[in-house]
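Novice: Any chance you can model this:
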Amino acid sequence: MNKKDIMIISNLRNNARMPLTMMSKKTCIPVSTLFDRLKANEDKFIVKHTSLIDFQKLGYNTRANIAFKADREDKDLLKNYLIKNCSVNSVYRINNGYDYMVEAVFRELRDLEEFLDDIDKKFRITDKKSFFIIEDIKRESFMSDPDLIGI
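Specialist: As a prediction, the model looks like this:
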């Protein structure tokens, strides 16, 4: 990846809806080059264009990161359940004694408790740890500021 690609990614990370004309002015890269590089990189390392949501403003007041350790026989079943569950925002395979880390979003604490109870009933969970997300201090900002990435 060269300097131009890093500048493009940085501007996308900062504002994926930025018009290419504005990005061209900020980066001094012609619009046609920006368009071509974006199309080429969508198949390489741009996974998805998405929006960051303030879940609380939508009425989802409970967010948690939960680490699960499952019995060997239930790992794949648990993974598939987590992937398909509508309350689960992200699923990660992790290490250090756990199998999966999920970020899950719920309207109320009671909904989280029901989610955890349901998992305990369906799968052999040998350990789990929950961490409530109280406040987003910094979120999705890696490579979002061209001035800080040393290009």
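Novice: contacts, neighbours, all on C-alpha from now
Specialist: Noted.
Novice: In three-state terms, label the spatially closest residue to P30 that is not a sequence neighbour for me.
Specialist: Nearest non-adjacent residue to P30, counting by CA to CA, 6 or more residues apart in numbering: S24, 5.6 Å away. What DSSP: H, G, I helix; E, B strand; the rest coil gives for S24 is helix.
Novice: S24 reaches S32, doesn't it?
Specialist: No. Between S24 and S32 there is no contact under CA atoms under 8 Å: 9.2 Å.
Novice: neighbour-wise, which of the two wins?
Specialist: Looking at S24 and S32 with other CA atoms under 10 Å, you find the greater number of neighbours at S24, namely 17 against 12.
Novice: list the contacts for N61?
Specialist: 55, 105-108 (CA atoms under 8 Å, 6 or more residues apart in numbering).
Novice: So which of those wins on neighbours?
Specialist: V105 (23 neighbours).
Novice: Could you tell me which of the contacts of N61 belong to strands?
Specialist: 105-106 (DSSP state E).
Novice: Before I go, just wanted to say thanks for your time.
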